[in-house]
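What follows is a predicted structure for the sequence shown.
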Amino acid sequence: MDEWFAEPPFAGLQQRYRILERLYAETTRWQSLEILDLEGPGRSLILAGTLQTSLNEEFTYHEPLVHVPLFAHPNPHRVLVVGGGDGGALRHVLLHPSVDRALEVEIDPSVVEASRRFLPEISGGAYTDPRAELKIDDGARFLAETDERFDVILVDSTDPVGPAAALISDGFLHSASRGLAPGGLMAMQSGSPISQPREWLATVGAFKRAFRIVKPYLGYVPIYPAMLWSWVIGSDEVDPTRFDEVSVRTRLEGLPEPLRVYTPAMQRAAFALPRFVQSLLELSDRDQPPTRAELRSAGHPLPGVLD
Ligand code: AG3
């Protein structure tokens, strides 16, 4: 009999993958952790029952998270990754030769250990790069206390429920904006406007309270619910939709390996929001999460599955 893996339903919607092999399972201090070999995605990391990343498609998520903000910065030297215990974000950061310090602050050491053991290609040697440092700590506490300043801060977290909910609090985003060097910018995964419209709005709304310039952007991550995924960039000074294409092209050619999603045209296109997503955005300035009727009238494409 086939065995399938599915996340708990999101908004009445569920995607599933055939399980080829169960490789590992543990309950860490913070969450449940599983490594499954799934048909298609390949070996996959599952935290708290939700798919995080996999050998075959990790680039669909990590490239937009990392390269859109790094190329929007003219010369990133110091980069902080909050979360990201599989090491994929760190590996992509280190592809940029301008980066001389890449610090990852991950709360759960088990994620780093299991990923290095079962998914070593995802970090691909990042943890032994002399420019990299790993700290096992609560990212919120680290940012509240540190005097270090970063050109780019990336938050690579699970969905904003449970422990990761703290990462969209006003307090965390305030410390993060203080942790940016002049001209710095911050990027974070913000869920799916299709399967998680309320989480998306909560994340973008929190960014709008913390930063002067806030630009949500979209991409496709085939293993996540509804596949259409999003990230958001906040900055007080840099508008990531304006970048110098000629210098980005030169920097792109200087990376030690070719990318599979990112191109300057993708960077431009990622910020173009469908009309219904723009209408949803207008609901982000209020304290209350939008009702189902409001989501429906904003033109959400799957209004029937929202509750
Ligand atoms: N972080 C997970 C993004 C959220 C996925 N949500 C979901 N599957 N319900 C990705 C970690 C990869 N480094």
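Yep, that arrived. Residues are numbered from 1 along each chain as shown.

Contact partners for residue 199?
Residue 199 makes contacts with 159, 160, 161, 190, 191, as judged by CB atoms under 8 Å, 6 or more residues apart in numbering. C-beta: built from backbone N, CA, C; applies to glycine.

for residue 48, same thing?
31, 32, 158, 162.

With residue 50 instead?
7, 8, 158, 159.

buried set for stretch 3-19?
5, 7, 10, 11, 15, 17 (16 or more other CB atoms under 10 Å).

Please work out which residue of the stretch 201-307 of the chain is closest to the ligand.
residue 224 (4.5 Å; CB to the nearest ligand atom).

Isn't that residue up against residue 54?
No: using CB atoms under 8 Å, residue 224 is not in contact with residue 54, being 10.7 Å away.

Dump the contacts of residue 48 to a markdown table, plus pLDDT.
Listed next are these as a markdown table, based on pLDDT from 0 to 100:
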| residue | pLDDT |
| --- | --- |
| 31 | 95 |
| 32 | 97 |
| 158 | 92 |
| 162 | 74 |
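
partners of residue 152 in the sheet?
Beta-bridge partners of residue 152, counted by DSSP bridges, are residue 79, residue 185.

cool, and residue 83?
Applying DSSP bridges, one finds that residue 83 bridges with residue 156.

can you pull the contacts of it?
When contacts are counted by CB under 8 Å, 6+ apart, residue 83 touches 105, 106, 107, 139, 155, 156, 157, 158, 164, 167.

Would you double-check that the first one falls in a strand?
Yes: assessed with DSSP: H, G, I helix; E, B strand; the rest coil, residue 105 lies in a strand.

are any of the contacts of residue 199 buried, and which?
159, 160, 190, 191.

Quick one: residues contacting the last one.
In this case it means residue 191. 159, 160, 199, 200, 203, 229, 230.

Same question for the second one.
Residue 160 makes contact with 167, 168, 191, 199, 202, 203, according to CB under 8 Å, 6+ apart.

thought the last one was touching residue 233?
Looking back up the chat, that one is residue 203. No: if you go by CB under 8 Å, residue 203 and residue 233 don't touch, sitting 11.7 Å apart.
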